[in-house]
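**Q** Below: sequence and its predicted model.
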Amino acid sequence: MIDYYKPIYSASSLNMKSSVIRDMFRLTSDPEMISFAGGLPGAEAFPVNELQEIINKAILRNGSSVFQYGTTEGYSPLRESISQLMDNVYGLSTNPENVLVTSGSQQALYLLCKILVNPGDVVITENPTYVGALSTFRSFMADIHAVDMNEQGMDTPALEQRIGELVRSGKKPRLIYTIPSIHNPTGLTMGIIQRHMLYDLASKYDLLIVEDDPYGMIRYDGLKIPPVKKLDIEGRVVYLGSFSKTVSPGLRTGWIAGQKDIIRRCVIAKQGEDTCSGTLSQFIINDFITDGSIYSQIERVKKIYSKKRDLMKDCIDKMIPSASYTLPQGGLFLWVTLGGITDTSLLLKKSLDKKVAFVPGEAFYPGYGGQSSLRLNFSYPDCNEIEAGIKRIAVVINEANDH
């Protein structure tokens, strides 16, 4: 089909690619489809009753102000509550003035790219990495360099080699993007030593680290591994947080914690994006934190999802014995590699005929890779769907191997 408007599109828009995951939402609207594709929380994890009570109280207490425009920086009490939350969970002290409330952490990353990344600038990511980050970097026409991972997260010796090569060629990176805690898609968590090495490299080469942490609070074993941001004595780590996985994605509330100058520049960029994040959502999230509900909610989510993770693991072990995977200590996903399968994109097409969806591994690589891997979400489907869905995938794999 000819796109007659192509000559007037911007160069950046022509560089954009639609998200594989978001595109699948159309397919998974089929009630017979079992979806392991998106990063959707399970419906049973939503604190519906608690939120309903908080909404009613917020409206009664604050009246029409909950429906009015707010400040671009965010509702001041919420910025204070977020600072307190980070301190309580991680022992990370953050001034509320260094916090910007965003419409989800995806907007946070977009704003950072808007103020930091010019076309052709080098951005370093893990290999593989979050699809939404790749989409954002591509929309800003960044030159993405991916560094492979080991069992401890991003391979820091390989990272240092890559940075050195780039600097010597006159292409100093703009930033390092990392998901050190419960990495998406692999589920790996960067070790403490590796976090120090990452920070030391950023300091050595005077680089900015963007730490994306949507899953760090959903750690099943109870360990509280401090963010890279806690090592930050030079103001070179920008932390991205989100309430989408702990409370509700529909409230579209996230945040950036960083140096005051960066926050101020992001505020200006946000003024041209959406003016301010949803006011009612901010009131709701603030009350959810201040009355302590957030902490019981996190424990509730961990209990629900750890059970589903274990069920999916057991199903894979039983039905797809040739598969290997990382068993994550938290989050929403299993990263699976299939023996004997060399194209999970083709496998997906056949799986959709069996009414089961997942994300092929290659979607998470900025270049070539992941053809034998796939990401499975275990938080959204119920237990019966997990068993049935893995069985359907196993059937497709067996049929592919027979051919």
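**A** Sure, I can see it.

**Q** Make sure residue 375 is indeed in a strand.
**A** Yes: applying DSSP: H, G, I helix; E, B strand; the rest coil, one finds residue 375 inside a strand.

**Q** so where's the longest helix in this structure?
**A** If you go by DSSP state H, the chain has its longest helix at helix 293-319.

**Q** going on from it, what's the next piece of helix or strand?
**A** Sequence-wise, the next helix or strand downstream of helix 293-319 (DSSP states H and E) is strand 323-326.

**Q** And that next one, how far out from the chain middle?
**A** Centroid separation for strand 323-326 versus its chain: 21 Å, with CA atoms, centre = their mean, to the nearest Å.

**Q** quick revisit: relative orientation of the longest helix of the chain and strand 373-377 in degrees?
**A** If you take axes from the mean of the first three to the mean of the last three CA atoms, to 10 degrees, helix 293-319 sits at 130 degrees to strand 373-377.

**Q** relative to helix 293-319, how tilted is the helix or strand hosting residue 61?
**A** Assigned by DSSP H and E, residue 61 falls within helix 48-62. Between helix 48-62 and helix 293-319, the angle comes out at 160 degrees (the same axes, to 10 degrees).

**Q** helices and strands around helix 48-62, which ones?
**A** helix 279-290, helix 293-319 (3 or more CB pairs under 8 Å, 6 or more residues apart in numbering; DSSP states H and E). Every C-beta, even on glycine, is put in place using the N, C-alpha and C of the backbone.

**Q** most tightly surrounded among those?
**A** Of all the helices and strands packed on helix 48-62, helix 279-290 carries the top mean neighbour count, a mean of 22, counting by mean count of other CB atoms under 10 Å.

**Q** per-residue confidence at residue 23?
**A** Listed pLDDT for residue 23 reads 58.

**Q** Next, count neighbours for residue 151.
**A** 11 (other CB atoms under 10 Å).

**Q** scratch that, residue 239 is what I was asking about
**A** 27.

**Q** what's across from it in the sheet?
**A** Legend: beta-bridge partners of residue 239 under DSSP bridges are residue 211, residue 257.

**Q** quick one, phi psi at residue 144?
**A** phi -90, psi 120 (degrees, to the nearest 10).

**Q** where does the stretch 301-403 of the chain dip in pLDDT?
**A** Within the stretch 301-403 of the chain, the ranges that satisfy pLDDT under 70 run 402-403.

**Q** Quick one: distance of the longest helix of the chain to the chain centre.
**A** Centroid separation between helix 293-319 and its chain, computed with CA atoms, centre = their mean, is 18 Å.

**Q** so it versus helix 279-290, what angle?
**A** 90 degrees.

**Q** re the thing from before, any chance of a markdown table for the helices and strands packed on helix 48-62, columns distance to residue 375?
**A** As requested, the helices and strands packed on helix 48-62 are exported to a markdown table (distance: least, CB to CB, whole Å):
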| stretch | distance to residue 375 |
| --- | --- |
| helix 279-290 | 28 |
| helix 293-319 | 12 |
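
**Q** so which of those helices comes closest to residue 326?
**A** Nearest to residue 326, of all the helices and strands packed on helix 48-62, is helix 293-319, at 10.5 Å by CB to CB.

**Q** What is the closest one packed up against?
**A** Packed next to helix 293-319, using 3+ CB pairs under 8 Å, 6+ apart, are helix 48-62, strand 323-326, strand 333-338, helix 383-402.

**Q** Swap in 10 Å and give it another go.
**A** Applying 3 or more CB pairs under 10 Å, 6 or more residues apart in numbering; DSSP states H and E, we find helix 293-319 packed against helix 48-62, helix 76-90, helix 279-290, strand 323-326, strand 333-338, strand 373-377, helix 383-402.

**Q** which one of the ones you listed has the most crowded surroundings?
**A** strand 373-377 (a mean of 26).

**Q** Which strands and helices lie in contact with that one?
**A** Under the contact definition 3+ CB pairs under 10 Å, 6+ apart, strand 373-377 sits against helix 293-319, strand 323-326, strand 333-338, helix 344-353, strand 356-357, strand 359-360, helix 383-402.

**Q** No further queries at this time; thank you.
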